Structures are given as C-alpha cells and as structure tokens.
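>>> I would like to see how this sequence folds:
(chains A, B, C and D, ligands or ions: 2)
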Amino acid sequence: MSFLSLTERDREEMLAAIGVESVDDLFAQIPEGVRYRGRLDLEPALSEPELVAHLEELASRNAHSGSELSFLGAGIYDHYVPAVVDAILSRGEFLTAYTPYQPELSQGVLQAIFEYQTAICELTGMDVSNASGYDGTTVAADACYVAKHATGRTKVVLAETLNPQVRQVVKTYAPGFGLDVVEVPHEGGVTDPDRLAAAAQDAAAVFFQQPNFFGCLEPAPDLAAAANEAGALPVAHVDPISLGLLEAPGRYGCALAIGEGQSAGNYQSYGGPHYGFIAARSDYIRRMPGRIVGETLDAAGKRGYVLTLQTREQHIRREKATSNITTNQTLLALAGLVHLSWLGPQGLREVGETCLALAEYAKGRLSDAGFEPMFPGQATFKEFAVRVGRPADGVVRAAREHGVHPGYPLRRDYAGLEDALLVCLTEKRTQAEVDRLVEVLAEVAA
Amino acid sequence: MSFLSLTERDREEMLAAIGVESVDDLFAQIPEGVRYRGRLDLEPALSEPELVAHLEELASRNAHSGSELSFLGAGIYDHYVPAVVDAILSRGEFLTAYTPYQPELSQGVLQAIFEYQTAICELTGMDVSNASGYDGTTVAADACYVAKHATGRTKVVLAETLNPQVRQVVKTYAPGFGLDVVEVPHEGGVTDPDRLAAAAQDAAAVFFQQPNFFGCLEPAPDLAAAANEAGALPVAHVDPISLGLLEAPGRYGCALAIGEGQSAGNYQSYGGPHYGFIAARSDYIRRMPGRIVGETLDAAGKRGYVLTLQTREQHIRREKATSNITTNQTLLALAGLVHLSWLGPQGLREVGETCLALAEYAKGRLSDAGFEPMFPGQATFKEFAVRVGRPADGVVRAAREHGVHPGYPLRRDYAGLEDALLVCLTEKRTQAEVDRLVEVLAEVAA
Amino acid sequence: MKLIYEQSKTGRRASALPHPDLPVPDLPAELRRAEPPRLPEVSQPELVRHFTKLATRTFGIDTGFYPLGSCTMKHNPRVNERVVALPGFRDLHPLQEEDGAQGALELMWRLQEILAEVAGLPAVSLQPAAGSQGELTGLMLMRAYFADRGEGDTRRKVVIPDTAHGTNPASVTMAGYEVTKVETDARGNLDLDDLRAKVDAETAGLMLTNPSTLGLFDEGIEEVAAIFHGAGALLYYDGANLNAVCGISRPGDMGFDIVHFNLHKTFSQPHGGGGPGGGPIAVREALEPFMPVPAVVRDGDRFRLDYDRPQSIGKVRGFCGPFGVFVRSYAYIRSYGPALREMSEVAVLNANYVLARLRDAYELPYDRLCMHEFVLSARRLKREHGITALDVAKRLMDYDFHPPTIYFPLVVPEALMIEPTETEPKETLDEFVEAMLAIVHEAAEEPEVIKEAPHSRPVGRLDEVLAAKRAVVKYGFEQHPDLRAEGAPAEPRQLEAQKGA
Amino acid sequence: MKLIYEQSKTGRRASALPHPDLPVPDLPAELRRAEPPRLPEVSQPELVRHFTKLATRTFGIDTGFYPLGSCTMKHNPRVNERVVALPGFRDLHPLQEEDGAQGALELMWRLQEILAEVAGLPAVSLQPAAGSQGELTGLMLMRAYFADRGEGDTRRKVVIPDTAHGTNPASVTMAGYEVTKVETDARGNLDLDDLRAKVDAETAGLMLTNPSTLGLFDEGIEEVAAIFHGAGALLYYDGANLNAVCGISRPGDMGFDIVHFNLHKTFSQPHGGGGPGGGPIAVREALEPFMPVPAVVRDGDRFRLDYDRPQSIGKVRGFCGPFGVFVRSYAYIRSYGPALREMSEVAVLNANYVLARLRDAYELPYDRLCMHEFVLSARRLKREHGITALDVAKRLMDYDFHPPTIYFPLVVPEALMIEPTETEPKETLDEFVEAMLAIVHEAAEEPEVIKEAPHSRPVGRLDEVLAAKRAVVKYGFEQHPDLRAEGAPAEPRQLEAQKGA
Ligand SMILES: Cc1ncc(COP(=O)(O)O)c(C=O)c1O
Ligand SMILES: Cc1ncc(COP(=O)(O)O)c(C=O)c1O
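Numbers count the residues shown, from 1 in each chain, chains lettered A, B, ... in the order given. Ligands and ions are numbered 1, 2, ... in the order given. Below you'll find the model as predicted:
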C-alpha cells in the first residue's frame, strides 16, 4: 500500500521492540465479543490510474458550469476563482497543516487568518470576525446562540426573504437553544420594516438578508433600526461580493453580520466545502464562536499571532462554551482572503458593477421578450426573479435540453411563486450569453 | 496592469531619482530612425476570466486522450502521470527558479538534478548524465557532436528504424558539424547487424533505437557490438518506461544512451515541452553537453551540490564549448525524477508488464479479427505495427468518427507501408478498450 | 513580516476583470456603500510572494512529522486533490437538477454505503460539516427519538466521561441537554460502578470515544452498552479515533446507536490549517426517520435526493454537506478497498512502537498497550527539572517536529498525547523517539535550552495572555496599536491548557 | 539532507498500478534486464516530503527578488499554469490529425502573428526549443540562404562582439562557421571602425544582442546594419534582451534579418530551475523558404501543418516545438494586448531607478542611462577591501535576495549585471538598493562578514574545484565516495567565472 511506509522487516523489528508476536496481539484489549472477524464488504481497491478513471466517469455524469450555460445562483455562485487561489491553496504547507495550536511554527497560517479577519471586518464594518464557520447556514445558528446569551431572550425573528436553507438550519438548531422562531412574510419581494418591528418585540435577534434571496435590495437600514428599537440584535446575512457597492451592515446599525463566503474564492463544488463568516461589534467579542487569532509579542518584542480569547471555547470552557466548533473551514477562508486580495477595493467594485450591469441588461431583454419581473420596481443586485408564464420546473427541464440552465424555480421554496425563476448573473457571464438565455426561454416558454 | 507593481506616484518618484522628465526620455539612446512610433497591432487585452474562456474555447477544439480513445504513440505516450508530479512541479520555488548558478540558495534543485542524473544512469547503465537536453531528437544531435570529437570521424550511421523525427534532426545538424549521415534500411522490421557493421566502418557513431520505431525489439547487443567492432560509438535511443524489462544499454556495450523522457513524467502536450536525456560512459564525461551537477563540500564539511565541469560549457569555453545549450528542460526532468521515484523499480517493472500484456492481447485480438502484424515474428514491447488492409490514413479518419484513434499510419514516414498502423498500448488502456479498438477497426476496415 | 495591508498602496491591483460595454444602473442612495472596504492593494507578483512566504512559515504534514494526538495527521494523497478538481465536481452547482448530478449523487450514495459498512450501522447522513456538528446532529436525533417516544421531557441528561473531548459537553449544552460526568477507572476504562450509579430514566444517552482519548479501547464496552440500553438510553460514538479500528471492531457491533466519522481524520481530508472537515453520521434503523434532509437514495440505477422525511430533524448545514470532502474520502477509501483494516493495523503498530521506546523515559499513566495513540505524562520532568509538557512541545520544534497534543485529556497531568498515524516510516518514528529522549537528557543537563525553546523559528514563545488582554483581532490601519511601544513581555506567558485535539 | 536514494528501503513503494488479468509474454532472454535499476524505494508520504523539502531549499521568483541579469526573471502569472493544464492542450498527442488539433494549431498561428508584429519581420517558426537553439537555427538559415545564392563556400565567418553571450560563439561553431570578434567602443556600442575593418565578402553575418549585454542600446545600429547589408551579409538578433524594447523598437526596423525570441524571458515562461524555454525565430521574406518544417499555416478558417517546403533546412526539434510554452506566452501577451509597450517601459524604468541609486557606490563602466538592465563593476571594492563580485553576490543571499549575474559580460571586470524586470514593486527595489549599499559599508567595516557569506543558508560556500576534480555526478550506492573522509576544504574554492545569464 503506497500510503504506508513500513517494510516487512520494519514490522518485525517493531513488533519485537513492543514485545508482541503479531499485530493481532496489539488488539488483545478489544473484547472478543466486539471484534470484527469478517472482511469489510467494500469494492476492490483501485490503483491510482484506475481511481482517476473511475472518478472521471462519475464526474462526467454531472452537468457543470463548464458544460452548460448556467444562470443558477440562489446562494452559491459561479464567480471567477482566480488562478492564484489554486496556486496558493495547493501549497502543501497550507493544505496539510491543522489548527495552529503551536504558534511558533504556524505563524504563516495565523497571520493569514488575522488578515482574513481584517478583510471580513472591513467588508462588514464590524470589529471582530472569527476564523470561519462551516457555511452560510450554520453561522446563522451561531448568531442565534450569541443573541440568546447576549439578550437572555427566547425568540428569533427571520425575514421570509432570508435564504430558505438558512432558515431551515436555524429551525433545526433552535429547540436545543431553547429558542422559538418567527418568520415575517415578504411584501412584494422585500420585508416591511413595520411588520418586522412588530415581530421583533422580545426577540433576541432579527435576521434579514441583503440582497435578499429574491435578489431584491431590502430597506436594510430600516430593518436594522426596527430590530434595535425592540432591543433585538439585528443580524444581516450578506454576500461578500456585493459589499463593494452595498453599504456595510456595521454602518447601518447591525450587531452581527454573517454570510456564505463561497462567492469570494470558492468553487461551487456541489455545495461545499465552503466557509461561513460571522462578524460582530466589539460588544460581542467574548461571545463569538470558534477560533479567533490575535496579535501579540515574543520576549524579543517581535510581533506574532496566536489563537486567542480561548476561554470562550469548548476545549477550555466545555459545556459552557460559546460553541462546540473545532475543525472549521480555514482553507476555504484562506481562499476567500486570496480572492479578496486579488480583487482589492477597486476589483470588488468592478465585479459588482459588472454583475449589476449584466443583470439589468438581462432584465431588460427578458422584459422585451415578454418575461416580466416577479417583483416589479424592486432594485436588485446580481439576481432577480422573472415570471416565465408557466410552471418553472418544466421550463428548466426544457431549457436544459438546449444546454441552458435558466435559473432556480422559486416555487421549490415559496408556495405561490409557481412561474418564477431566480436568474443570476456573475461577471463570468457575457452579453451574448444573456441573449442566448432570452432566445432559449422564448423558445421553450413561449 | 496587474503584473506591474508601480503606482503613478512610484513612477514620478523614480523618474525624479533618475533625473528625467518622462519614461520616454529613458529611450533617448535609441536612434530616431529605429524607434517604433506605432501602436502594436495586437488584439485587445483580455482580463483573466476572458483569457481563460478564450483558451478554453481553443482547447475545446482539440481531440485529446480524455475525449477520444487513442492508441497513438510513435514517440509520445499517454502514460499515467501521477498526481504527485503535478503537486511538486506546481511548487512556486521549483517553477520560478532558474539554473542554479548560485548553489547556496539552490540546494534543492541541485540535489534534485543530482538525483535525476542518478536515475538516468541507473536506467541506462551509464556513468554520467547531464541535467537534460531539449527533447529526444536534439540529444541525438548532441551525441553526434560528442562522437565527432571523440573519434575525429566524419560520418554517422542511423538505423532506419530510428524515430524519423530523430533522424531528421540529425540530418539538419550534421552539415554544421561536418558530418555525413548514412541510413541503414530495416529488414522485416529490425536492423540487420551485418548490414549495420558494414555501414559502421569509419563512422563516428551508430544510432539505433530499442524498442525501435515499429515497436520491435532490435538485436541491440549485436548492433552495439557491430559498432564497437568498427570503432564507432554505439548510441542507443531508449524509452525510459521500457527499462524495467529491457536491458540497460550500458550493459551491452553502448557508449551513449539517449532518449525522449516524455514517457516518464510528462504530459503529451502536443509535443512539448519535454526533456531529452543523454548519458554516457565515463570516458565521455568531459565531452558531455549542458549542465551537470556534482557533489562537493563546504568549509564545514557539509555535503552540497554545484554545477560542475563547467569548462565544457559555452559561458566559459565559448566557441570551443561541447554545446551551445543554456536553458534546458530541468522542470520536465524533475517531473521524470518524481515519476520514476513514484514507480520505483517494482512499479517500473509492473508498468512495463502491463503494457506488454495489453499489447500482446491486442495483437492476438486483432489477428483473430483478420488484422495481421506488419512484421510477423518480431517481439515487441508496447507498440506494434498491424496491417489494416487498406490505406491507413482513411482508416484513421473513419475510426475517429467512432471516437477511436487507432494509431499512427506508418506510410507517413515509410514508403511502402501503406496499410500499416502503429498501435500503442500504455498501462492506461484496458482490455475493454482494446476490444473496442478491434470492434471499430473491424467496422471501418473490414 | 509585514501584513498584506501594510504592503498596500493606493492604485495597485492584482486583478484584471471583464468590463462589458453596458450601463451600470444606480443603486438606491441609502443602500450604497459610503467608504470602500480597505482590502489589500497589491500587484499579482506581490500577492504570490506574500502568500508563498506565509506558506513557508506554516508547518504541515508535508513539512514533517505531526503527531498531534486525536487529530490523525496522516498523509494526504495528492491524487485526491486531482479528482476533487475535476470540473464535473468542482464546478457543479448544488441546485443542479438531479439528472444533471447523477455522478455526484452516486458518489455520495457509494460513500454512505461504505461508511455504513465500516460503522456496522445501516443508515448514513453525510450532511454534518465536522465531528462537532456530527455530535450535535446525533444529539438532536436523540431528542427527536425520545420526543417521538414521549420521553422528551424526562430524558434530559447525557453522560460524558472525564476523558471526553471538549466538544462533547459543548454539544450536549447546545442540544439542550445536561451533562452528567463519569469517571475513568484505574485501567483507563469507564468506571462501571460510577456509571451504574448515574444512569437512570433521566438519561438520554452516553457520548463515548472508543478507543478513548487515552488511546485505550474500553474493555468494558459490552457492559457499558448493556447499562445504557438497559435503561432505555442510547449510545453515541465519537468517531475521532476510528482510525484505530477500521475493519477491526465496528461501533455498531460495540453497541453504539449513533456514530460520527471525522472524514478529515480517518479518511484523509487535508486539514487546511484548521479545516474543512466532514462529520457524517451513521445510525440504527430506529433513528433513521429523524435523519437530516435531504437523504441521498438510490432508485434502481438512478440516484435522487429525498426530502420526504416527515420526522426529520431538518437541515443542519446547506445542501448535502461538504461534497469536496466526500470526493477525497471516497477516493481514499477506494485506494484501500477491503484492505482498509491494514490502515488501522499499521496505525496501532506505529503507536505501540513509539510507546515502547518512550515508556521508560516518560511516565505512562495507564500501563497497557495502546491503540492508535497514547498519552504520556511529563510530570516527572516537571517535578525534577521544572520542565513542563509545554516546554517539551516547544523544544520539539527545534528538532523539526510538530509537537504532540498537550494538556489533554484532562485526567492526565502534563499530558503528551502522541498519534503517529499509519503513514509514517519507521525512520521518522525513530528520529522522533531520539528527540524525545534527547529532551529528557537536556532537562537534566541544560533545562534553560528547553525553557527558551524554540530557537529555530521566526518568533520565540508568544505571550498568549497579552493577546487575550489586548484582543487585537484585526489590523487597525492608521489606528493599529503598537504593542511594542507598550513594552515587550519580559517573560511571555503561555496558557498551560489544551493545545491540539 | 539525505538523497532520496539514501532513504530507500527494499519493498517500499509510492505507486499503485493497474494489473490487468492477462498473461505477460516472455521477452527474448538476451534482451531482458538482468538487474533492476536502483530507483528510489519510498512510500508516497516520504516522496512528497522529500520533494517539498527540496522545494523549500530552492529560491525562485516566488521566494524573492531575482535580478539575475540577462535572464529576465519576471513574475510568472498563475493563470498561465491554469490554461496550459487544460486537457485539450495537456493531453493532446502531437500526431493527432489536424482536424482534431485545430485549437492548438490556431494558437500557434496566432502566436506567430504576434511575434511577427513584435519583431517587425514577416515569417515566424516556433520550433526552436530555446534561445541557443534559435541561434543555431538562425545560423543554419544563413547557411542555406548563402548556399542557395552560391556563396556557401565563401561566406564562412560570423561576427560576434566581445560582449556576446557564450552561446553566440558556441552556436557559430556548431553551425560550421568561424567566429570573428569585434570590440565595444568607449560608449558601449559596437566599435564601427573595428567592424568596418573586419566585415568583408567572407562574412556571413553578425550576431548581436540589442540592447547589448551591457544593457545599452547600440546607438550606431543603423550604421552597423548598413555595413553588413552593404557587404551582402545578414544580421542576427539575439532576442535575450527584447524585454527592453517591445513596441518601442523593432528588430526588423533596426535592420536585423533573423531574430530569436526567448519566450521564457520576455514572455514569462516559468524558468523551472533551468528550463523549459522557447526560442522561436522570425525572419525576412528572403529567408522564409529555408525555415524549419512543418510550418503552421492558415487556409481560410482552417489551420494546418505544411511540410511542403523543399528548401527547408529540415527539423531542429520534435514536432512543432514546445507547445506548452507557447500556450503560456500566448496567454501572457494576450493579458497585455496592444499595451505590451508598457511592459518594456516599466522594465526600463525599474532598471534606471536602481542604477540611479547605485551608480555612485559602485563603478559604472559606461556612463549612460541603461535599458532594462545595467552592469556595475565591483572593481573598486576589490581593490580597496578585497571584496569581489562573487563576495557581493554571496552576501546578498543573507539579505534574502538572489544575486545578480556576475562576471558577465566579460568586458567588465568584477561585473554585477542587474536586471530588476518590470514586475517588481518600488519597495523591493529600494530594499535591494539598501542591501547593496549596506554591503559597500560592510566591505569597509567588516569585510570578513562578506567573505564568509552566506550565513543564512543550509550550506556555506561550496568547493567548486573539488566538485570538478572528483566529478561525483551520481549517487554510487554502496560505492558512493565519502568526500568528508577525504577532508573538508579549508577554504572552498569558487570559480570567479560567469554565474548567470
Ligand atoms: C475526540 C474528539 N472528539 C471530537 C472532535 C471534534 O471533531 P471536529 O474537529 O471534526 O469537529 C475531536 C477533534 O477535533 C476530537 O479529537
Ligand atoms: C544574451 C543571451 N543570449 C543567449 C542566451 C541563450 O538563450 P537560452 O538560454 O534560451 O538558450 C541567453 C540566456 O541564457 C542570453 O542571456
């Protein structure tokens, strides 16, 4: 076995040093009754070339964004991942290190996390970010836990325009946290601040998404104000790629900002691994979940970085910890940092503008072709909902026959939006591709 | 421009430090008459995502060995390149270093070359290898230059079964070297030692290939003996992947062993970049072309590696140098070392056996289907010539319509072999794929 | 070295982006960004150099031996990186229609089958993102199971041994349960008397790592299972140490009802400086109805996602879980095939060899053969020479080794928790042993060399107390505090608390 | 560190290979291998660690500043590595039918067009594998051209300036020509009088690098061209320094008839520790018939290989040349587009800036502005403090810089040939300048620190004389010589000969 390094001779010498006859003797401590005497019923071993061929065959049965012109978004986006991301993530040191428990030989990854935390704080306008959460859904559960302890309250409010998967995960976690979940329906594609204000009474936290799941821009400052008014923590779920153009949640009163990091630096990868980010005002620093890196000095006065504020964490605080997270998503967050460093402020702005311009162009062309917006009059960023005039699932099926995936059928999450497709434009799309979308939709949905 | 690092302000400060007004002033030394006043007529700049899309489009118009079942060989082979090769070659240190002129900060690449030289010597049974030549053709020209100076003679002999491209390159170089080229025709697919002996009189060197271009095994020891008898240097052109099973040229009297390294560690890449290897008996060490790494010590007695025997080389010996080579193919040779280290002696043997077994299976199945060997009775390794009963070019065209590239039409290089296809089997091919080849050939050539 | 922000210069950039010739609409003024985020402004050459330099200041398995106990830092085969990057996997959108994702669905289904076989339990969900989330998911399943049986209000307690990893009690609280602690007996097994006294009708279940964090297989496991099952409670298996027993002893056969896997440990997902991971769970039939949605199911030769699970606890993570992690672990397991047992055998052999060579020089709290890892104590060194486990760890860096996990498990004072894994050659184990023995020698001869270690790294020991006190957790640009100006710590203080696992 | 062979152990392996269930035929006994080659026997974990360690002991552009004169060590964009790895390029067989290689052929054709535009010459062949082979090919073209004109026997000489790179004279000999040397005048230009005296009816041509290896543009280039063309001879342009003049001055416009490009210099092919490179050539119409076969031609919207060139010199390399190199360089040029000129402008700006800051501290043999690089002399340091160019180079390593090219060109004693390239930020240039100035200071204050440099590398200065004398050029297994046993060199001897370029 090429992953193992012992020769027959090594084994013999080692067994002798241990003082046993055979490897089997090492397992004497396992009670007879629970020893497994069979041979695992697994398929035969594959050599490296065979393994690659097998996985190539599996991969070939997936329609990916290189083989199909796709306008799918809805939380995971086909943004361009720059080549430097691959180059840096494939460095063996980053790839094969673990959590930097021992800072002296882990300064590289520690500094990278510190730089990542800074980038997230800059994007969101917050004071502290952790080293990453699992994804854009679990950070919402994390934020509930923060809010629960910060306020002592037992309810959280979710705008219905918050990503359905995020809402589902919050609902799964809530009973364990002792929290009730209340949802606030949208009105014409966005959330009404007054309705939110009413729901926010006695709430620990209020969650909304900007741009929201429909791609519409929420009146985010008003929503945050409604929450603050009620003494609930306003939590904004944001797309990092939008934050070159859209205001930072920290600037309109949010207590926490969370989000799915995938759009910055990660491939779609059928949904993971990606990273979730969670950032907060300094008030909540000691309630944050997970790893945080801080700056310090050595005896010579040299600057260095360490895991810090660890008394929040499970390995020290155990049942009183702010979270149970241990393994996180550092490598993916590093990809985010590299991507954001590649973009810089100017690039981030440009990507946003390109998405915005393409989406507006698509809206216009679709409308010209008779496909009306689902939520007329709402400003959008890179996604928008459009009515295709017949059940959207069938339209998707028909369009894919033409090599175009036109978007996500909203009816899968929102009863009543039967003919609505959520269409996403990233900077990888072109004007000609939008034209092709319109052409195909006109053909299959006309 | 993202590859440039100066800001506007930097430029101003730098111009000031230089004491000129503008960048244009720096070019004052260029006579007016030869200044280019136009703007280069090049296509517009592409951003990174656009560049990738453009090159993906170009690449998509190539039928590669992932998109077509291919039995092409004839000098470049679809052997499996292990993942470790990619991982190691993509390390920025290896990728972006140049020739290790300054050994103290280049010990890594120097040691790697030393290890590569050792691997080549082990494979070929020789005493010295250089750090690489350009490819499997140019090392033949290099060997001519060695032989010319070693013997003072003015003729080289090439077996006609030597790869046609190798022969062409030798013929291109020979006039400059003051060498005549004589070719010895094959007999039934191999070279007759007696005919070779006759041609070898007064020759500086005799070149043959093992296995030869037709895939047949030459009576290599007899050929080498014929050359030695005549006082000509016997030079074997060998495939590294065959050398787990076939005898090392150094063990049957060759003076030099050369070859195309691609089959060990390099992708096909439409023919390059690859590496050529050249190894020799110690007699010729001071006539070797190119870089050679040697072992030495520092003042503390620490072992280290340096470029050595440099008085052979152009930068010191100038017009009397053993070669003009400077930039070589180190990165590709490193790939070779990694691949060979991955294989080890056992793996090299196994790859050879798999090729051999598959080729024998293919010969049998083809013969059963009525396709007879071109050179009956000759032992082969991973390639063999088969008669398809009609002009081979048309058969290739027709088979490719079925997604199978059945091999190389020998008539392109050998008049008279009109219906012969050279079929190659690497360890990446399977029994089922051979069956598919036979099926398709039966259909298109029946 | 400089932070990337400290290298920034206005107007410099690393990216080149497309600019379609289209008008950019205005955004509502009140939503528009006022100040651009101060992201790095560097050129592409600078970007690559910066992160290359950071990489070379990071110690990974590729750099050297990494015997960080409980973390299973085994070799990460590069072929797994190759296959995960296939466009059909890498560029697949998670909301792709099922008929456009058959390869991905089949891969997940196959991995589920494999994990079920290894666990000895029938139903698998791949969704949890890491071991800790596997734990929490498992506890949620317990809740749902007992709620369904009408015992939701009575069964409030989960039993946790004193050797448990911190995630176990943390998960218990997050799941809304209470922790009941039990002790470890003199042989390193669960204390059965203590257990019997504490397990009752209020007990929902047990969370156990087996082999335990001491690297010891619980010799009373059958009795343990009987106690819990007898009381109507469930057993949860923390799979962090599964690398010891693949094909040798199956958690389902041991009596566990719920198991999590750490794909990043047992099945070689690269740890990435902290993650990603994967924490699939396997359960008995009785718990299957409560598993997260969607389930990946097979219908004849088609694969699909099944959301129709009315009793499901819901979703714990987006989509189907960390798919890329599944690709790597699937590839890893397929490289072994039915010989997976050999992986665990060699892991246990390597650990016992190192143990045999170190047991006399350090203290071994439980005098037994170990499984895939073992825990030594540096108590004697501390008593005799003032050299702590932390000191040993720091000094090992000078010998080019990553330190073991220290100060864990909590039941062993001055704990050194050593897990060599199966991928290490004997030569490396021998070199590590020599270094560990040399340190014992140095402790007597020149303890200050150890106290001041590491000597070979870009920084010396860092002041963890200062870091926590000042809480500088991001770059502050013009306002960034100058800690140096506030005075270098005469003696940097480290927490003598768990580092690793 | 150990050689990989020294880590080998019988029976260990890194590979897993397919074993089809087929009989393996016997090979003829007299051809069968008697002893297996002693290739490394290591496991995959060991393999990865070994080469990772070698990588970290290698200094590349990604590691730091690499001002190795004449080598144009510019940043290598990673997007080029991405596109070259596309399966349609990477896994394309060179003997694929033309209709299955249209993308590759089009890419080569496009690159030819671009190079023709940059050179200002109409016909391009991509075939040569590197600059040196481009030179040789160009000289072969001269031969063919003169042979065709019946002057093959009379024109035997090629003029080479004293500043020329060693490949130039070496190529001349390999092409069967004789070298005629000419001198450089006091301004660093070709000495026109010397030239006029030496160019005659026996002259086949000139080989010139312009800007020269002194980093100076030949101010008399028009007159030089007139002299050669007047004598019926040809001018060959060594393109090693093309990075100075892209879009600023075109070799064809300067009067050159044949040009080679070093794709690995000007157009950013990663240098790979020594290679690969690419050495395409561009020529005037009159020379086109002699170009290597096959030519890549366009017929309407199809691309094909044309072998029907009866006057061709033949082939100089396999297939169409180093295709992967073409992909990278094509991508690089397309990233600039018509703004390619800016690349050269900044290269020249960067060089002049460093020159301006160093010219007083070192000696500048030709007092002019430079182009993309410049040559200083350490003669004064040597005279005053015994510090040679070699010493400066070694000391620079302690400041984390790759040294410049030294002892070249030969006309400058104690030469330091510095080429910053356009991709470096001003900060790096400033740091390099500070180091160079610090070394001047050290030379006076503590010369032994320089003499014993480098202090920060895994080895100290190595004995090059011992290496050449003992000629240990491969591992000898049991018979490997133990140089240490023969005694460490009291003072390791380095050759004060060209290092770099
Ligand atoms: C024993 C034990 N349990 C649980 C965990 C938590 O697993 P994860 O890090 O995957 O969340 C770990 C490791 O971190 C562990 O060692
Ligand atoms: C001036 C000059 N000419 C020719 C060459 C040879 O080019 P190559 O190394 O590509 O063969 C070089 C560089 O090595 C050079 O600097």
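
>>> helix/strand/coil for the residue in chain C that ligand 2 sits nearest to?
Nearest to ligand 2, among the residues of chain C, is C:P45, at 21.6 Å (Cβ to the nearest ligand atom). All C-beta atoms are positioned from the backbone trio N, CA, C, and that covers glycine. Assigned state for C:P45: helix (three-state reduction, DSSP: H, G, I helix; E, B strand; the rest coil).

>>> With adjacent residues omitted, what lies nearest to it?
Once flanking residues are discounted, C:P45 sits nearest to D:H75: 3.7 Å by Cβ to Cβ, 6 or more residues apart in numbering or on different chains.

>>> Let me know whether the one you found touches B:F3 as I believe.
Yes - with contact defined as Cβ atoms under 8 Å, D:H75 reaches B:F3; the gap is 5.7 Å.

>>> Contact residues of the stretch 1-150 of chain C facing ligand 2?
Proximity of the stretch 1-150 of chain C to ligand 2, by Cβ under 6 Å from any ligand atom, involves no residues.

>>> contacting residues for the residue nearest in space to the middle of chain C?
Relative to the mean C-alpha position of chain C, the nearest C-alpha, by Cα atoms, centre = their mean, is the one of C:C71, at 5.5 Å. Each residue near C:C71 by Cβ atoms under 8 Å, 6 or more residues apart in numbering or on different chains is listed here: A:Y98, C:K265, C:H271, C:T405, C:E419, C:G500, C:A501.

>>> what's the burial count for A:G178?
9 (other Cβ atoms under 10 Å in any protein chain shown).

>>> What of C:L190?
Neighbourhood size, C:L190 [other Cβ under 10 Å]: 26.

>>> about what we covered before: out of D:H75 and B:F3, which sits in the more crowded spot?
Higher neighbour count among D:H75 and B:F3: D:H75, with 26 against 23, using other Cβ under 10 Å.

>>> and the more buried one, what are its phi and psi?
Geometry field for D:H75 lists phi and psi as phi -60, psi 140, criterion degrees, to the nearest 10.

>>> How about the contacts made by it?
Contact analysis of D:H75 by Cβ under 8 Å, 6+ apart lists B:F3, C:Q44, C:P45, C:V48, D:I61, D:S268, D:T421, D:T423.

>>> now do A:S47
For A:S47, the residues meeting the contact criterion (Cβ under 8 Å, 6+ apart) are D:A16, D:L17, D:P18, D:H19.

>>> Got a quick ChimeraX command for the buried subset of the residues you listed?
Selecting just the buried residues from the contacts of A:S47 in ChimeraX takes one command, with 16 or more other Cβ atoms under 10 Å in any protein chain shown as the test:
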select /D:16,17,18
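
>>> need the contacts of A:S47 in a markdown table with distance to chain A, secondary structure and pLDDT, can you?
Output for the contacts of A:S47, formatted as a markdown table (distance: Cβ to the nearest Cβ, whole Å; DSSP: H, G, I helix; E, B strand; the rest coil; pLDDT from 0 to 100):
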| residue | distance to chain A | secondary structure | pLDDT |
| --- | --- | --- | --- |
| D:A16 | 4 | coil | 96 |
| D:L17 | 5 | coil | 97 |
| D:P18 | 5 | coil | 96 |
| D:H19 | 8 | coil | 95 |
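
>>> right, and out of the contacts of A:S47, which lies closest to chain C?
Taking Cβ to the nearest Cβ as the measure, chain C sits nearest to D:A16 out of these, at 6.7 Å.

>>> Could you double-check that the closest one lies in contact with A:S2?
Yes - with contact defined as Cβ under 8 Å, D:A16 reaches A:S2; the gap is 4.9 Å.

>>> can you list residues touching both of those two?
Among the neighbours of D:A16, those also in contact with A:S2 (Cβ under 8 Å, 6+ apart) are A:E48.

>>> Would you pull up the residue in the stretch 201-350 of chain C closest to chain B?
C:A331 (10.2 Å).

>>> I'd assumed that residue was in a helix, is it?
Yes - secondary structure of C:A331, determined by three-state DSSP: located in a helix.

>>> which residues sit in contact with it?
By Cβ under 8 Å, 6+ apart, the residues touching C:A331 are A:L51, A:L55, C:P77, C:V79, C:N80, C:V83, C:V84.

>>> Over to C:G274?
In this structure, C:G274 makes contact with A:98-100, A:109, A:113, A:131-132, A:291, A:327-331, judged by Cβ under 8 Å, 6+ apart.

>>> which among these gets closest to D:E373?
The closest of those to D:E373 turns out to be A:V109 (Cβ to Cβ; 37.5 Å).

>>> Check the gap between the closest one and A:P100 for me.
From A:V109 over to A:P100 the distance is 5 Å, taken as Cβ to Cβ, to the nearest Å.

>>> Who has more neighbours out of the two?
A:V109 (31 against 28).

>>> end to end, how far does stretch C:441-454 reach?
In stretch C:441-454, first residue to last residue: 17 Å (Cα to Cα, to the nearest Å).

>>> Run the chain-centre distance for that stretch.
Average the C-alpha atoms of stretch C:441-454, do the same for its chain, and the two points are 31 Å apart (Cα atoms, centre = their mean, to the nearest Å).

>>> Secondary structure element holding the closest residue to chain D within the stretch 351-500 of chain C?
Ranked by Cβ to the nearest Cβ, the top residue of the stretch 351-500 of chain C for proximity to chain D is C:T423, at 4.4 Å. Following DSSP states H and E, one finds C:T423 outside all helices and strands.

>>> which residues of the chain fall in strands?
As the question left the chain open, I've gone with chain A. Taking DSSP state E as the test, the strands found in chain A are A:69-70, A:128-129, A:155-159, A:180-184, A:205-210, A:233-238, A:256-260, A:276-280, A:293-297, A:303-307, A:383-387, A:404-405, A:408-409, A:420-424.

>>> not quite, I wanted chain C
Across chain C, reading from the start of the chain, the strands by DSSP E fall at C:123-125, C:157-161, C:178-182, C:203-209, C:234-238, C:258-260, C:281-283, C:295-299, C:302-306, C:374-377, C:405-406, C:415-418.

>>> Could I get those strands in a markdown table, plus columns for mean neighbour count and distance to ligand 1?
As requested, the strands of chain C are arranged in a markdown table below (neighbours: other Cβ atoms under 10 Å in any protein chain shown; distance: least, Cβ to the nearest ligand atom, whole Å):
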| stretch | mean neighbour count | distance to ligand 1 |
| --- | --- | --- |
| strand C:123-125 | 25 | 15 |
| strand C:157-161 | 25 | 11 |
| strand C:178-182 | 18 | 15 |
| strand C:203-209 | 26 | 5 |
| strand C:234-238 | 29 | 5 |
| strand C:258-260 | 29 | 8 |
| strand C:281-283 | 30 | 12 |
| strand C:295-299 | 16 | 21 |
| strand C:302-306 | 16 | 24 |
| strand C:374-377 | 26 | 12 |
| strand C:405-406 | 27 | 8 |
| strand C:415-418 | 26 | 9 |
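
>>> so which of these comes closest to A:S22?
For the strands of chain C, proximity to A:S22 was assessed by Cβ to Cβ; strand C:374-377 is nearest, at 19.5 Å.

>>> For the closest one, give the mean pLDDT please.
Per-residue pLDDT over strand C:374-377 has a mean of 98.

>>> Tell me if that strand is near chain A.
No - under the criterion of Cβ under 8 Å from any Cβ of the partner chain, strand C:374-377 makes no contact with chain A; the nearest approach is 11.7 Å.

>>> Who are the packing partners of that strand?
The helices and strands touching strand C:374-377, judged by 3 or more Cβ pairs under 8 Å, 6 or more residues apart in numbering or on different chains; DSSP states H and E, are helix C:340-358, strand C:415-418.
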